[in-house]
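Asks: sequence first, then the predicted structure, then my questions.
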Amino acid sequence: MREQQSNANSASGFEPRIVAFFCTWCTYLAADLAGTSRMKYAPNVRVIRVMCSGRVDPQFVLAAFAHGADGVLIGGCHPGDCHYQEGNYKCLRRAELLKRVLQEFGIEPERFRLEWISAAEGERVRSVINDMVKKVRELGPMNRGSAGEDIQSQRQAFEEVTT
Amino acid sequence: MPDDHLGELGRDGHVRIGVYVCHCGTNIAATVDVIDLAEYAAGLPGVVVARDYKYMCSDPGQELIRQDILDRKLNRVVVASCSPLMHEPTFRRALVRAGLNPYLLQMVNIREHVSWVHLGKAEATAKAQDLVRAAVRRVHLHKPLETRRVAINPAVLVVGGGIAGIHAALTLANSGKRVYMVERKPTIGGHMAYFDKTFPTLDCAACILTPKMTAVGSHPNITLWTYSEVEAVEGYVGNYKVKVRRKPRYINEDLCIGCQECIAACVYKEAKWPDEFNLGLSKRKPIYLPFPQAVPQKVVIDPQACIEFKSGKCKKTCVDACGERQAIDFDQKDRIEQIEVGAIILGTGFQTFDAHRNAYYGYGVYPNVYTSLEIERLINASGPTAGEIVLRDGTRPRMVGIIHCVGSRDHNTNRWCSKVCCMYSLKLAHLIRERTGAEVYNFYIDMRTPGKGYEEFYDRLLDEGVHFVRGRVAEVTDWASHPSEQGKLILQVEDTLAGFVRRIPVEMVILSVGLEPQSDAREVRRLFNISCSEEGWFLERHPKLAPVSTFTDGIFIAGACQGPKDIPDTVAQAGAAAAEAMALIDAGKIELEPYTARVIEDECSGCKTCIPVCPYQAISLIGDIQKARINEVLCKGCGTCVAACPSGSIRQNLFEDDEIYEEIEGLLAYA
């Protein structure tokens, strides 16, 4: 079934849109390095720069899905290497919880990824992005029908409760 | 561009954005349709003017922006060009020159993240459009921000007492700066102190190094702490707080005068322990001076060897010899020194490749296989043989083979070229031939001798009759296959110029070991919050334009900790690092980025979620009002508390939730 779908997807020319949050000290630099090294990778990822992966509010991820992203990638420094000591651990904890929430929404786990990529790992930016694009392309567009609205209303409801 | 775009804003009628698309020559323009991109940007809400230009970062490019800000009354600017880490400061300055707050700028990275990594023009242009759209939406919400100005502590910490650290410390101290130098060995000098001669001029290493070492030891502006290591670093550019652990040498450094009478008086009449400085080629006593020209001239006690530490029943003849100076202190403990500095220079150097790893060369198996560093000691007039080049049995070698690239240019070990080995191998070949008359064979992959006078030195060796065989040695063995090989070490090598395999019998084999990052480079990197390359060399901010800066402001690197380097390059880099540190300090004050977080007190419920997530203890609860408050001086702007706050009542400047939501929506909104 999945296979047929993926064939259908490539036939229909589906190109996923992936939003990435990269920390400025490690992964954003690694993406710059991939650039200066002229590595080629899939053009499906749009990067938002944050100071630390610990800045990534899980709601950012939900917002991205709600607004049409087919996948969300977070890139931070390797454990122990965070420029701010431990922001990446905070990000990891939130990501683990978030994965369960996404599952509840019926969003496939392949659509959300947290990766540790150091400033020296331009090659890893290339391989992670290519791998993620390939997997999300196989999954096809996100069935956002009601899920998107769900997220949006959840988010609004959540904001109403918390503010 | 008609001004009626303003009417479409809805959000803020006064926002007037200029979008500037850079061609970067053909770097961007070849892959992204820049003209189309500028036209596209011109149609976005709030955009008053959109232009493309060959080099946006050039003077005319910046002038274009400045003039538009004045003429078109722009109050927001988007520049689509290279990485913000490259030119954000440049364009911010352009805004300031036009009287605009520098933080009303948003950069779009369409070079490193688009044109250099994608091939299809259509896809690349579409991605660039998405990024520009997101930036335009985001910049609507930007607010003017003020940088914080803080004073800079004029002292500098230099870590590592090799030639890099020594040169940097002296340069700074001579200009009147207070310098702390921390070296983990009992003496400064680093690797250069091991050498007898330096290539290609063959000037005596000790003659040029030891005066500088002495100058460090006696300079009124330098505090030298040997046998010490940096334990913790806190703070930020201009205001680092550093903890230094001073390991016990069991000698009171203030009282020891370096007379060495204690060494002669030691109950061990014979030296029995391997001398670290001579790489185990000679022996030392439990109480010793690392080498005759050590700085400081203070002895050290090795507690692993000293009887007093083992049994407590030594006659302590050393103490008697020291007499009333009473410099020996068996009860000395680790001491922690706390210092405050404005800048830090790391010159932590390299280690040589462990030749045991290439087992086929027989290091550690055949006694007459040496590393190049051991030969440096043997050749050194102050070394274990007083400069006599002899085999383990004390005889002079008649045939010597030098194998290049051991632990360099090798996919099984280290892939990089260590840069100095060709030249030091030539130097050793020359010295050995000069002093012993031996036949010297060099086995090389390529001869790499770029540098002033280096190629000429190679030519000179060819004339001196040193043999050069192009080929990587397959193995070193003592299995003789012919009577003439009996009792010799045989080098088996394919001579790739002659085109056949040769067996060359020699008496001494020298492995030209490569340079690699210190084994604890990664821990040191973490300590100072800088980055390493994949191999473990410290990462410079920019390989060409900021070679001694790091991504952490106020921390500079010099010498071989950044990559393999010879002495001239190391000294040049150390001077550059000292100059950078001075430029920072002499400014007196530094502007810190305003990315800090702040609490909107009216919205804070006092739940305290943010307090434990802050790694800098910058957040506290104000007791009487039960609201969180962030100490702006301690906040480093990571934004972790902002993401943690359940009520969204913490804002991070320039990374406010709304700004990021706009960016997300902008990226995904189909035009």
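Replies: Alright, I've got the coordinates.
Asks: excluding covalently adjacent residues, which one is nearest to B:Q486?
Replies: Sequence neighbours aside, B:A480 is the residue nearest to B:Q486 in space, at 4.8 Å (criterion: Cβ to Cβ, 6 or more residues apart in numbering or on different chains). Just so you know, the C-beta spots here come from the backbone N, C-alpha and C atoms, and that holds for glycine as well.
Asks: torsion angles phi and psi at the one you found?
Replies: When read as degrees, to the nearest 10, the backbone of B:A480 gives phi -80, psi 140.
Asks: list the contacts for it?
Replies: For B:A480, the contacting residues are B:486-488, B:490, B:505, by Cβ atoms under 8 Å, 6 or more residues apart in numbering or on different chains.
Asks: how close does it sit to chain A?
Replies: Note on B:A480: its distance to chain A, by Cβ to the nearest Cβ, to the nearest Å, is 47 Å.
Asks: just the pLDDT at that residue, thanks.
Replies: Model confidence at B:A480, expressed as pLDDT, equals 94.
Asks: how about B:A305?
Replies: Among the per-residue scores, B:A305 shows a pLDDT of 95.
Asks: what about it, which SS state?
Replies: With DSSP: H, G, I helix; E, B strand; the rest coil as the basis, B:A305 sits in coil.
Asks: just the buried ones among the contacts of B:A480, please.
Replies: Among those, those classed as buried by neighbour count (16 or more other Cβ atoms under 10 Å in any protein chain shown) are B:488, B:490, B:505.
Asks: quick revisit: okay, and which of the contacts of B:A480 map to strands?
Replies: Where the contacts of B:A480 overlap with strands, as defined by DSSP state E, the overlap consists of B:490, B:505.
Asks: tell me the one of the contacts of B:A480 nearest chain A?
Replies: Top of the list for closeness to chain A, among the contacts of B:A480 and by Cβ to the nearest Cβ, is B:I490 at 41.3 Å.
Asks: gap between that closest one and B:V469?
Replies: According to Cβ to Cβ, to the nearest Å, B:I490 stands 14 Å off from B:V469.
Asks: same question, A:T24
Replies: For A:T24, the distance to B:V469 equals 51 Å [Cβ to Cβ].
Asks: any low-confidence regions in chain A?
Replies: The model of chain A has pLDDT under 70 over residues A:1-12, A:144-163.
Asks: specify the beta-bridge partners of B:V182.
Replies: B:V182 has the following beta-bridge partners by DSSP bridges: B:V159, B:W225.
Asks: likewise B:I650?
Replies: Partner residues in beta bridges with B:I650, using DSSP bridges, are B:V599.
Asks: tell me the contacts of it?
Replies: Residues in contact with B:I650, defined by Cβ under 8 Å, 6+ apart, are B:597-600, B:604, B:610, B:628, B:630, B:641-642.
Asks: contact partners for B:G176?
Replies: Under the criterion of Cβ under 8 Å, 6+ apart, the contact list for B:G176 reads B:N221.
Asks: neighbours of residue 53, just the number please.
Replies: Reading this off chain A. The burial metric for A:S53, expressed as a neighbour count using other Cβ atoms under 10 Å in any protein chain shown, is 34.
Asks: that's the wrong chain, I wanted chain B
Replies: Using other Cβ under 10 Å as the criterion, B:Y53 is surrounded by 20 other residues.
Asks: so for B:T147, what's the pLDDT?
Replies: For B:T147, the predicted pLDDT is 88.
Asks: wait, it sits on B:Y595?
Replies: No: with contact defined as Cβ atoms under 8 Å, B:T147 does not reach B:Y595; the gap is 10.2 Å.
Asks: show me the helices in chain A, by range?
Replies: With helices called from DSSP state H, chain A shows them at A:2-12, A:27-36, A:58-66, A:87-104, A:122-139, A:147-162.
Asks: with the stretch 551-671 of chain B instead?
Replies: In the stretch 551-671 of chain B, the segments counted as helices under DSSP state H, counting those that start in this stretch are B:567-586, B:610-613, B:640-644, B:657-668.
Asks: against chain A, how distant is B:Q573?
Replies: Counting by Cβ to the nearest Cβ, the gap from B:Q573 to chain A is 20 Å.
Asks: do the same with B:Q260
Replies: Distance of B:Q260 to chain A, given as Cβ to the nearest Cβ: 44 Å.
Asks: just give me the neighbour total for that residue.
Replies: Counted with other Cβ under 10 Å, the neighbours of B:Q260 add up to 16.
Asks: pretty sure it contacts B:F291?
Replies: No: between B:Q260 and B:F291 there is no contact, the gap being 11.9 Å when judged by Cβ under 8 Å.
Asks: if we can go back for a sec, report the separation between the residue nearest to B:Q486 and B:E632.
Replies: With distances defined as Cβ to Cβ, the gap from B:A480 to B:E632 amounts to 77 Å.
Asks: equivalent analysis for B:R503, please.
Replies: 73 Å.
Asks: for A:G80, same thing?
Replies: Here the criterion is Cβ to Cβ. By it, A:G80 lies 28 Å from B:E632.
Asks: show me where the stretch 1-150 of chain B has its strands.
Replies: Counting by DSSP state E, counting those that start in this stretch, one finds strands in the stretch 1-150 of chain B at the ranges B:17-22, B:47-53, B:76-81, B:105-109, B:148-151.
Asks: and the longest one, what does it pack onto?
Replies: The reference is to strand B:47-53. Based on contacts counted as 3 or more Cβ pairs under 8 Å, 6 or more residues apart in numbering or on different chains; DSSP states H and E, the elements that strand B:47-53 packs against are strand B:17-22, helix B:34-42, helix B:59-71.
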